[in-house]
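# one predicted model, sequence on top.
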Amino acid sequence: MVLLVLIMAIVDFSYIFFVNLTMQHAVRDGARYAATGQSNLDLDPQGTAQDRCDAAVVRIKAASMGFFDQAGAVIVFKTVNNDGSITPVPANSCAAAGQIIVITLNCELPLITPLLQSFFPNGKYTFSVSSTMKNEAF
């Protein structure tokens, strides 16, 4: 019985750390994409590109290997002002060229095994990953 619990714990914690690392890579990839000024990923029904933040979200979802929806990720876009304060990005614009952008994913990942779910609030592992990039001149 002890061996079974140990194996289940190893599987669950491996899963948690793999998802955390995958989401960190995804948010870094999306932030890099947004910082370069590109917006050609997200197409509206008329086939025209949307703003950079929407394109960055599409890039993050693609790089998350399907864990974005499974982890219930919530994306927050912020910018660092000249005085060092951090504020939400106005009108989902991903800030201007030369400004610093911060993209944060807040996630709640349900655990695999019911035995370990009792050790976490609501049976979910809560974590945040973020990436900070300076927008290039575009």
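Sure, I can see it.

# rest of the way, CA atoms for contacts and neighbours
Will do.

# packing partners for the helix or strand harbouring L109?
Following DSSP states H and E, one finds L109 within strand 100-110. Taking 3 or more CA pairs under 8 Å, 6 or more residues apart in numbering; DSSP states H and E as contact, the helices and strands that strand 100-110 lies on are helix 2-35, strand 74-80, strand 124-134.

# buried residues in it?
The neighbour-count check on strand 100-110 (16 or more other CA atoms under 10 Å) flags 100-110 as buried.

# likewise stretch 70-85?
The neighbour-count check on stretch 70-85 (16+ other CA under 10 Å) flags 71, 73, 75, 77-80 as buried.

# rebuild those as TSV, extending it with pLDDT.
Below are the buried residues of stretch 70-85 laid out as TSV (pLDDT from 0 to 100):
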residue	pLDDT
A71	90
A73	90
I75	88
F77	87
K78	87
T79	84
V80	84
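
# mean pLDDT for the helices and strands packed on strand 100-110: which is lowest?
Here the lowest mean pLDDT among the helices and strands packed on strand 100-110 goes to strand 74-80, at a mean of 87.

# any idea of the angle the strand holding L109 forms with strand 124-134?
170 degrees (axes from the mean of the first three to the mean of the last three CA atoms, to 10 degrees).

# strands paired with strand 100-110, and their directions?
Strand 100-110 sits in its sheet next to strand 74-80 (antiparallel), strand 124-134 (antiparallel), going by DSSP bridges.
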